[in-house]
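Enquirer: Take this sequence and fold it.
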Amino acid sequence: MKIGVVSRLDMEESIQLTEKIVDYLMEKNVETVLDKSVAEHLDNYHNIAIPLEEMDTDIIIAVGGDGTILRTQSFICSKNIPLFGINMGTVGFLTEIDPELVFKSLEQVLAGKYFVEKRTQLQIQHNHKLHTALNEVVIMTRKPAKMLHVEISVDEEVAEELRADGLIIATPSGSTAYSMSAGGPIVDPRVSAFTIVPICPFKLGSRPMVVSDNSEIKVRLLREGKKAMAVIDGQIEEEINYMDEIIFRKSDDYARFVRLTKDFYRKVREKLVQGGICE
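Expert: Residues are numbered from 1 along each chain as shown. Below you'll find the model as predicted:
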């Protein structure tokens, strides 16, 4: 087994834990590579450091929160490498385990006592560019307190025309993120669907929609003279101009996660209790 290791860089505890994980794997004679940006914060690991986008491993261990998972997935989205997330963030819906269980859990992984869960992703097309999102795409105006005016079509049928602060197109994985905060439903990851969630719509009848993930969703900007931007998984920004179309489809590539238990609903119950605030 060959394992890659990445970490969030803005938390010293994450970098320290990453170092311990690398040492543990090397003691177990596991072929290990370390994200080059992490190695720059550590001594004596430059011989195993490679850029994240060049990793070609059996598993990647991501030490951080959901943001670390999303960043890592954006670099490896077409490689089908399973991610094993260790939660050093606030909520961590996409991560698998808490830090105190790291080495016990790694023993299980090295012994092959895990399964791989597939998660649907969005493919986004705009101006002949293709992007992929694991969680969501947020469309908003470039200026705060200004409203979008958009047309939403599903399979070539106009589903809604609305004015709103923004719009979220989310996968089931993203249903527990920004979409949920904006009033969207929590969707079991096994459900084949996408959600379309207006952010503070002017028309009270504009409600979140759940559509088949086999559908093609088109969003068109209708207000001349107003630019918008699409934020993809919080990682990539794409400028949208008047009458531009953004097209959303199910990606052919799935995100993959190393799982030790099936506990989606437990995570929902436990992680939403504090509303993402840790004491």
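
Enquirer: which parts of stretch 225-245 are buried?
Expert: 226, 228, 230-235, 238, 240, 244 (16 or more other C-beta atoms under 10 Å). Quick note: C-beta positions are derived from backbone N, CA and C, even for glycine.

Enquirer: Let me have the residues you listed in a markdown table, adding pLDDT as columns.
Expert: As requested, the buried residues of stretch 225-245 are exported to a markdown table (pLDDT from 0 to 100):
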| residue | pLDDT |
| --- | --- |
| Lys226 | 82 |
| Ala228 | 93 |
| Ala230 | 95 |
| Val231 | 96 |
| Ile232 | 96 |
| Asp233 | 95 |
| Gly234 | 92 |
| Gln235 | 91 |
| Glu238 | 93 |
| Ile240 | 93 |
| Asp244 | 92 |
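
Enquirer: Quick check: Thr57 vs Asn87, distance?
Expert: Here the distance between Thr57 and Asn87 works out to 21 Å (C-beta to C-beta, to the nearest Å).

Enquirer: show me the contacts for Tyr239.
Expert: Quick fix: residue 239 reads Glu, not Tyr. 142, 227-229 (C-beta atoms under 8 Å, 6 or more residues apart in numbering).

Enquirer: what do you get if the cut-off is 6 Å, keeping everything else the same?
Expert: By C-beta atoms under 6 Å, 6 or more residues apart in numbering, the residues touching Glu239 are Met229.

Enquirer: Next: Ser74.
Expert: Here Ser74 is in contact with Gln235 (C-beta under 6 Å, 6+ apart).

Enquirer: Likewise for the one 5 residues further on?
Expert: Listed by C-beta under 6 Å, 6+ apart, the contact set of Lys79 is empty.

Enquirer: and the gap between it and Val33?
Expert: From Lys79 over to Val33 (counting by C-beta to C-beta), the distance is 13 Å.

Enquirer: try Glu160
Expert: For Glu160 relative to Val33 (C-beta to C-beta), the value is 46 Å.

Enquirer: And these two? Which one has more around it.
Expert: Val33 (23 against 20; other C-beta atoms under 10 Å).

Enquirer: For the stretch 1-150 of the chain, just list every one of the helices.
Expert: Secondary structure of the stretch 1-150 of the chain (DSSP state H, counting those that start in this stretch): helices at 12-27, 36-39, 66-76, 102-110.

Enquirer: what about the shortest one, average pLDDT?
Expert: Put plainly, it is helix 36-39. Average pLDDT, helix 36-39: 96.
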